[in-house]
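Novice: Predicted coordinates and the sequence they were generated for:
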Amino acid sequence: EMLSRRIPITSDALSKPLPSEAADMTQARLAAIVDSSNDAIVGKDLNSIITSWNASAERIFGYAPEEVIGKSITLLIPPELQSEEDVIIGKIRAGERIHHFATERVCKSGRRIDVSITVSPIRDATGRIVGASKIARDISGQKQAEARRAALMRLTDAIRDLEDPDAIAFAAARVLGETLRISRAGYGVIDTEAETITIERDWNAPGIDSLAGVLRFRDYGSYIEDLKRGRAVVFADAETDPRTAPRAAALKAISAQAVVNLPVTERGRFVALLYLNNATARAWSDAELDFVREAAERTRTATERARVAAALKQREAELRELNEHLERRVEAALAERRILADIVESTDAFILVCDLSLNLLAINRAGADEFEHIYGVRPKTGDDMLALIARLPREQEAMRAVWSRALAGEAFAHVGDFGDPERA
């Protein structure tokens, strides 16, 4: 009896009708597989009318089966991509399959998602094509992760050569705003005593007004308390967050119903704020928040680098100015010395300077002429005066005595005979 109940699974068997009980079981298994799939599985006829809709289709697109069955599949297609359905139906009619076609579709909420679609023909018992089975996989997370990685690379490239901290902050705000497709992003300077934020410039999506100026945190809720403690403030809907619900209208008025506020601290002090705003309610995923933190850290590093570079440039400018000042003073001193040297050199007075050992440090022309006239040898800077007149011991002694008095600090006038009387 058991053998008679077995159904051999062969190619011949698949081409023949199954016994009723086995067919029901097979149908039940297929239905269970379709219903438990993580992918949206949708059936449609050749006129693009939806004929079946599994649980994942409802989860991904937001429509219950009764809302879409009997309606055109174009309900899910963005206006500019409507022609895709004509191409798909054309290929299905030709018996072709479409494998992993990446595109966009629209959810009930109006949100667009990235999907990978595989479409196969559905045939009736005679083999005639009567419709299509579409499997749609939501690849938004994958696409968004790729976009975030690309954005971080783009941010690094954008701020690498910037030297102005404000320009760096705006470049980061632009990358964050465009990547996350939000309404606004920017940086502001914080005054914790006044509980205000001063915004010079922010990035805004088309149609969104800038917040440039000074804003009071208390006008928009009580979350300033969290920011002062160094905590990030994240809410998906100002109307439901207890910190902002009483002031939700004010936040919505500035296109900030959903917000990410990330405090920036220096030496433990809350000094600045990175803020992201969205005009409508919006959830912030953990992956998105990680992306924001990474972008903020790269921006902080670049800003610190720019500040250090600016300080070094300022210091270099100050040193350059100091050097130029010193050079001018040295030039002035040298010019003064040249004038004095010219005066000393041109005078007929006997002028010489020596050290404690009576080595000549300087001597003018008149002095050299007179020395040569008196002692018979012409001196020059660096000579030992006593050595020059070694052959005149009496004159050596007289010279030593006179110069000893002068080098001891005595000011005096000396009149006497010098040199060899025969040369007078």
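Specialist: On my side now, so go ahead. Residues are numbered from 1 along each chain as shown.
Novice: So residue 413: helix, strand or coil?
Specialist: At residue 413 the chain is in coil, as set by DSSP: H, G, I helix; E, B strand; the rest coil.
Novice: what's the longest strand in this protein?
Specialist: The single longest strand within the chain, with elements called by DSSP state E, is strand 112-123.
Novice: Partner strands of that one and their direction?
Specialist: If you go by DSSP bridges, strand 112-123 pairs up with strand 98-106 (antiparallel), strand 129-138 (antiparallel).
Novice: from those strands, which stretch is densest packed?
Specialist: Comparing those by mean neighbour count (mean count of other C-beta atoms under 10 Å), strand 129-138 ranks first with a mean of 20. Where you see a C-beta, it was placed from the backbone N, CA and C, and this is true even at glycine.
Novice: Which SSE is immediately downstream of that one?
Specialist: helix 140-159 (DSSP states H and E).
Novice: Which parts of the stretch 301-424 of the chain are strands?
Specialist: Assigned by DSSP state E, counting those that start in this stretch, the stretch 301-424 of the chain shows strands spanning 352-354, 360-363.
Novice: If I average pLDDT within each of the ones you listed, which one is lowest?
Specialist: Mean pLDDT per stretch puts strand 352-354 lowest among the strands of the stretch 301-424 of the chain, at a mean of 88.
Novice: Might one say that residue 212 is in contact with residue 204?
Specialist: No: using C-beta atoms under 8 Å, residue 212 is not in contact with residue 204; the gap is 9.7 Å.
Novice: Of these two, which one has the most company?
Specialist: Applying other C-beta atoms under 10 Å to residue 212 and residue 204 shows that residue 204 carries more neighbours, namely 21 against 14.
Novice: Quick check: beta-bridge partners of the more buried one?
Specialist: Taking DSSP bridges as the rule, residue 204 bridges to residue 184.
Novice: With the one 10 residues further on instead?
Specialist: When bridges are called by DSSP bridges, residue 214 pairs up with residue 198.
Novice: So for it, what's the pLDDT?
Specialist: At residue 214, the model reports a pLDDT of 97.
Novice: Ok, residue 332 next?
Specialist: 85.
Novice: what's the burial count for it?
Specialist: When neighbours are counted by other C-beta under 10 Å, residue 332 comes out with 10.
Novice: and residue 211, what helix or strand is that in?
Specialist: Per DSSP H and E, there is no helix or strand for residue 211.
Novice: just use 15 as the starting number from now, easier for me
Specialist: Okay, using 15 as the starting number, the last item reads as residue 225.
Novice: how far is stretch 163-183 from where the chain is centred?
Specialist: Centroid displacement of stretch 163-183 relative to its chain, using C-alpha atoms, centre = their mean, to the nearest Å, is 4 Å.
Novice: Which positions in that stretch come out as buried?
Specialist: By 16 or more other C-beta atoms under 10 Å, the buried positions in stretch 163-183 come out as 165-166, 168-169, 172-173, 176, 179, 182-183.
Novice: Now it - C-alpha only, PDB.
Specialist: The C-alpha coordinates for stretch 163-183 follow below in PDB (Å, rounded to 0.1, in the frame of the first residue of the first chain):
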ATOM      1  CA  ARG A 163      31.200  54.700   1.100                       C
ATOM      2  CA  ALA A 164      31.500  56.800  -2.100                       C
ATOM      3  CA  ALA A 165      30.400  59.900  -0.200                       C
ATOM      4  CA  LEU A 166      33.200  59.500   2.400                       C
ATOM      5  CA  MET A 167      35.700  59.200  -0.400                       C
ATOM      6  CA  ARG A 168      34.200  62.300  -2.100                       C
ATOM      7  CA  LEU A 169      34.300  64.100   1.200                       C
ATOM      8  CA  THR A 170      38.000  63.300   1.800                       C
ATOM      9  CA  ASP A 171      38.800  64.500  -1.700                       C
ATOM     10  CA  ALA A 172      36.800  67.700  -1.300                       C
ATOM     11  CA  ILE A 173      38.400  68.800   2.000                       C
ATOM     12  CA  ARG A 174      41.900  67.600   1.400                       C
ATOM     13  CA  ASP A 175      43.300  70.900   0.100                       C
ATOM     14  CA  LEU A 176      40.900  73.300   1.800                       C
ATOM     15  CA  GLU A 177      42.500  75.600   4.400                       C
ATOM     16  CA  ASP A 178      39.400  77.600   5.500                       C
ATOM     17  CA  PRO A 179      37.500  75.800   8.400                       C
ATOM     18  CA  ASP A 180      34.200  77.300   7.200                       C
ATOM     19  CA  ALA A 181      34.800  76.000   3.700                       C
ATOM     20  CA  ILE A 182      35.500  72.500   5.100                       C
ATOM     21  CA  ALA A 183      32.400  72.600   7.200                       C
END
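Novice: which residues are in contact with that stretch?
Specialist: Applying C-beta atoms under 8 Å, 6 or more residues apart in numbering, the contact partners of stretch 163-183 are 185-186, 189-190, 192-193, 200-201, 214-215, 305, 308-309, 312-313, 316-317, 320-321, 323-324.
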